[in-house]
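Engineer: need a 3D model of the following:
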Amino acid sequence: MADVALKRGNIGGLIAFIALALGGGIAIGAATGPDAWFAALAKPSFNPPNWVFAPVWSTLYVMIGVAGWLVWTHARSSLAMKLWWLQLVLNFSWSPTFFSLHRPGLALAIIVVLLGTIWAFVAATARRLPVAALLFVPYGLWVLFATALNAALFILNRAG
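Structural biologist: Prediction:
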């Protein structure tokens, strides 16, 4: 399926989708990454060290970009493509909400919707573009973990 997409769509499109997902994720992470506020939060026992996030997200952003390009190449106006764009907006809005606005409760709401959108994308692509669906499975599992982490941070650090 990917080799057909390479023939139908150009390699420039693939590069653009990866650059959008990876570049956007890196830029937002650099601009809104963990700060003194985050360092002072009580953390759950399953909170990974900060260095884990960059390689995991970088890998996932490449996979997100490839999946988006596959859908764009085969079904530009499909529900799957709309879900891809929605997950990207939600993904890119989480970090500023959590780290810059210091709003873990609102970030939790965003990540729950993001999680649903990811799995809706998997369902929407599973039959026609199974490679795109499979590329989103690790993303969905990581965001499930991140949702639990966000929820724990919210519960452990809420005032009152």
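Engineer: could you pull out the helices for this structure?
Structural biologist: 2-8, 11-18, 24-32, 36-40, 53-74, 79-95, 104-125, 130-157 (DSSP state H).
Engineer: now do the longest one against helix 53-74, angle only.
Structural biologist: Counting by axes from the mean of the first three to the mean of the last three C-alpha atoms, to 10 degrees, helix 130-157 points 140 degrees away from the direction of helix 53-74.
Engineer: helices or strands next to helix 130-157 in the packing?
Structural biologist: Using 3 or more C-beta pairs under 8 Å, 6 or more residues apart in numbering; DSSP states H and E, the elements in contact with helix 130-157 are helix 53-74, helix 104-125. C-beta: built from backbone N, CA, C; applies to glycine.
Engineer: ok, how many other residues are close to the closest residue in space to Phe38 that isn't next to it in sequence?
Structural biologist: Nearest-residue entry for Phe38: Phe99, 6.2 Å, with adjacent residues in sequence omitted and distances by C-beta to C-beta, 6 or more residues apart in numbering. By the measure other C-beta atoms under 10 Å, the count of residues near Phe99 is 20.
Engineer: who touches Phe99 in this structure?
Structural biologist: 32-35, 37-38 (C-beta atoms under 8 Å, 6 or more residues apart in numbering).
Engineer: now Ala19
Structural biologist: Here Ala19 is in contact with Gly65 (C-beta under 8 Å, 6+ apart).
Engineer: do Leu90 as well
Structural biologist: Counted by C-beta under 8 Å, 6+ apart, Leu90 has contacts 110-111, 113-114, 117.
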